[in-house]
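this one's structure only:
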């Protein structure tokens, strides 16, 4: 606060303490009379005027002493920081440091182990699951199975690779998708036939004439990133277009939208916000997910 | 008490002489005289079991853990075989209401028996007074000792007394903290000087508090601090039993010979002042009902001992009601007492019912927040739910999760969950349904958790399944 307000606070606080002390001592003596009551009558009821216990007086004095002591040690007199230099931010930072010490030790234990091994440790997975819940679940879902525009981390399909190294790179550096917009080059008809080709790749209903035309388009424009066989390219982050897993929806309309406008999905760069030990745990977590849910899906399919 | 009223009209409003007096008055120390008697025996027989309960209960272990432990960090209250979680807070509310109404009920019948017999302030003051008497002597000896100059004997007596006080205060403080921190660990921590600062702080706080309250504050708590003293008159009526002096019988008071003809003119009160000497709050019960009277019946026992010696009937000071003093009868069943007892009974029944029908499993379903629904292969729709499954039992159990309310619904994810005793498991479940079978965008979906080894232990929680419009 400005110097004026700081001075205002200091002056008023000091005045108030002095005033309180003065009132306390000034009221000590009172005239005694024969009256044992206060002299007021309310509906015929009166009140004795008994003396207050002396220890109340000492308690009052104690509170003043405490107040003065407090204002000397802690911030309260305007801008003055107090002798102890306490601040809420300082207290927070001290606590964070203590917590970091405590939890860092727990996580560093796993930093030394390879990801595959950490992925087998239930205690590590429990910790990792919580870090995931705090940082990743907002986009990828609390069950990590993804949503429209956010990849499913529990399946076998990887945009950039599912090895521990690839997962860690994704976490550290983030990812930026770069699917171009083809409206200008292909036009409405070109997009339509390409969509039909995509549908045919996935054994879905498609107009055979359009499929042929679409294949031409694909080989000219799309195969560079998605590969001739449309199985995708993990170097570019180009998805596999034949496995029925669609990040942005697989209906004809949605596929057309993707082609027309392109896609620029962004994975944040967690190397900036998370420490190495946390990223190591998260890598193990993501790595474990695809193995775990493999079994659940198999059970479901068998039912 | 009509003689104490001052006729204001007769007093000069502005007296000629004005002398000054202090607003605060140093309190006069109360030296109580020990007395034996029927009610003091009642106090002993009811007090000792309760005290032993207080001190010994934390040391009793059940199933490898402390039987009564209010585990604040874990947010679980263990009371004998029951464990209360934060969800059970409503039961604590019931318990407190029962305690309050129990207190009001007892007070409506028997007056301030809580104060006189069971209030910790009274009980611990009595203990400290006993220690004081033990080392410093009887009432007259103590008065004399305080007037003396410091000497070796006086120092020794005071030192022993204070040591005794500190010992009891420390035991009390330790035991109190022992209800919140496992007491065996607490004691070993403090003895080996390896406790954390909170353990020292709270044990120290309660030790100092007990020492000051029972050693020095004593009746000041009742007189100035305790609200119960002030509102007790709201709970009394003319049929409540209060400690009362019978003026009809006792007045005019006066000293007399053991046997003598002049006794005909005097009432039964021999003005021995014994009732004043034994009173821990320093009042004269012959002045009538006062807020300072804690109903401890020391004056009753004192007076009865004198009545005995004089050959008079006991009960000059006794537990009696205003009605009785005026010669009318005391009715037990009156609207106030019946009302209190009924309310108390209902609360106890509700509380017992709630405890007996507590489910051993708790289920909370939270919908995933980032998307309302997710498109799954084959035109199906997925909803993701976060599930908190609490195993309220002490042993580990397996639970099965099911959903119902939608035809053909599937669960993707683990349906069997193993939860350790007294813990909550968090898991995510994905529910898949066919949107063509749903008539509205939002459909109620019921989740059920059933314990595998006891199918009667189950609970359900409703959520919603959302499909595109």
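Everything's here; your move. This one's a predicted model, so the numbers in the text were calculated from it and none came from an experiment. Numbering: from 1, shown residues only, chains lettered A, B, ... in the order given.

can you give me the buried ones in the strand or helix carrying residue A:12?
Secondary structure here is read from DSSP states H and E; on that basis residue A:12 sits in helix A:3-26. By 16 or more other CB atoms under 10 Å in any protein chain shown, the buried positions in helix A:3-26 come out as A:9-10. All C-beta atoms are positioned from the backbone trio N, CA, C, and that covers glycine.

what's the average pLDDT for that helix?
Averaging pLDDT along helix A:3-26 gives 94.

stretch A:268-275 now?
Averaging pLDDT along stretch A:268-275 gives 92.

show me what the longest strand belonging to chain A is packed up against.
Counting by DSSP state E, the longest strand found in chain A is strand A:29-32. Contacts defined by 3 or more CB pairs under 8 Å, 6 or more residues apart in numbering or on different chains; DSSP states H and E place strand A:29-32 against strand B:19-22.

sheet partners, orientation included, of the strand it packs on?
strand A:29-32 (antiparallel) (DSSP bridges).

residue A:270 contacts residue A:172, doesn't it?
Yes. Applying CB atoms under 8 Å, one finds residue A:270 in contact with residue A:172, separated by 6.7 Å.

between those two, who's got more neighbours?
Higher neighbour count among residue A:270 and residue A:172: residue A:270, with 18 against 15, using other CB atoms under 10 Å in any protein chain shown.

wait, what's in contact with that one?
When contacts are counted by CB atoms under 8 Å, 6 or more residues apart in numbering or on different chains, residue A:270 touches A:135, A:171-172, A:174, A:279, A:282.

looking at those residues, which is nearest chain B?
Nearest to chain B, judged by CB to the nearest CB, of the contacts of residue A:270 is residue A:135 at 13.1 Å.

quick one: that closest one from residue A:98, how far?
22 Å (CB to CB, to the nearest Å).

who has more neighbours, the two?
More crowded of residue A:135 and residue A:98, by other CB under 10 Å: residue A:135, with 18 against 10.

which residue does the stretch 101-250 of chain A bring closest to chain B?
For the stretch 101-250 of chain A, CB to the nearest CB, closest residue to chain B: residue A:143, 3.3 Å.

residue B:446 against residue B:409, yeah?
No. Contact between residue B:446 and residue B:409 fails when scored by CB under 8 Å: they sit 10.5 Å apart.

tell me, how many residues neighbour the closest residue in space to residue B:134 that isn't next to it in sequence?
Distances taken as CB to CB, 6 or more residues apart in numbering or on different chains put residue B:164 closest to residue B:134, at 7.2 Å, once the chain neighbours are dropped. Burial of residue B:164 is recorded as 17 neighbouring residues (other CB under 10 Å).

show me how far the host helix or strand of residue B:164 is from its chain's centre.
If you go by DSSP H and E, residue B:164 is part of helix B:152-178. With CA atoms, centre = their mean, to the nearest Å as the basis, helix B:152-178 stands 24 Å off its chain's centre.

give me the helices and strands touching it, please.
Secondary elements touching helix B:152-178 (3+ CB pairs under 8 Å, 6+ apart): helix B:38-56, helix B:120-136, helix B:183-191, helix B:197-212.

from these, which stretch is densest packed?
The highest mean neighbour count among the helices and strands packed on helix B:152-178, using mean count of other CB atoms under 10 Å in any protein chain shown, belongs to helix B:120-136: a mean of 19.

which residues are in contact with residue 161?
Reading this off chain A. If you count contacts by CB under 8 Å, 6+ apart, residue A:161 has them with A:167, A:234.

actually it's chain B I care about, not the one you picked
Contacts of residue B:161 (CB under 8 Å, 6+ apart): B:131-132, B:134-136.

cutoff 6 Å now
The contact partners of residue B:161, by CB atoms under 6 Å, 6 or more residues apart in numbering or on different chains, come to B:132, B:135-136.

and for residue A:115?
Contacts of residue A:115 by CB under 6 Å, 6+ apart are A:164, A:283-284, A:287.

emit the PyMOL select command for whichever of those are buried.
Applying 16+ other CB under 10 Å to the contacts of residue A:115 leaves a buried subset, and the PyMOL line that selects it is:
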select buried, chain A and resi 164+283+284+287
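
just the ones in helices from the contacts of residue A:115, please.
Of the positions in these, A:164, A:283-284, A:287 sit in helices, assigned by DSSP state H.

so where do the helices sit in the stretch 101-250 of chain A?
Assigned by DSSP state H, counting those that start in this stretch, the helices in the stretch 101-250 of chain A fall at A:115-118, A:122-135, A:137-140, A:164-173, A:183-201, A:208-217, A:223-226.

hmm, which two among the ones in helices among the contacts of residue A:115 are most spread apart?
By the measure CB to CB, A:164 and A:284 form the most distant pair in the ones in helices among the contacts of residue A:115, at 7.8 Å.

and the pLDDT for the closest residue to the residue of the stretch 101-250 of chain A closest to chain B other than its chain neighbours?
Closest residue to residue A:143 in three dimensions, ignoring its sequence neighbours and counting by CB to CB, 6+ apart: residue B:428, at 3.3 Å. Residue B:428 is assigned 86 on the pLDDT scale.

what's around residue B:428, how many residues?
Around residue B:428 there are 21 residues (other CB under 10 Å).

in terms of secondary structure, what does whichever helix or strand it is part of contact?
Using DSSP H and E, residue B:428 maps to strand B:424-433. For strand B:424-433, the packing partners by 3 or more CB pairs under 6 Å, 6 or more residues apart in numbering or on different chains; DSSP states H and E come out as strand B:381-391, strand B:410-412.
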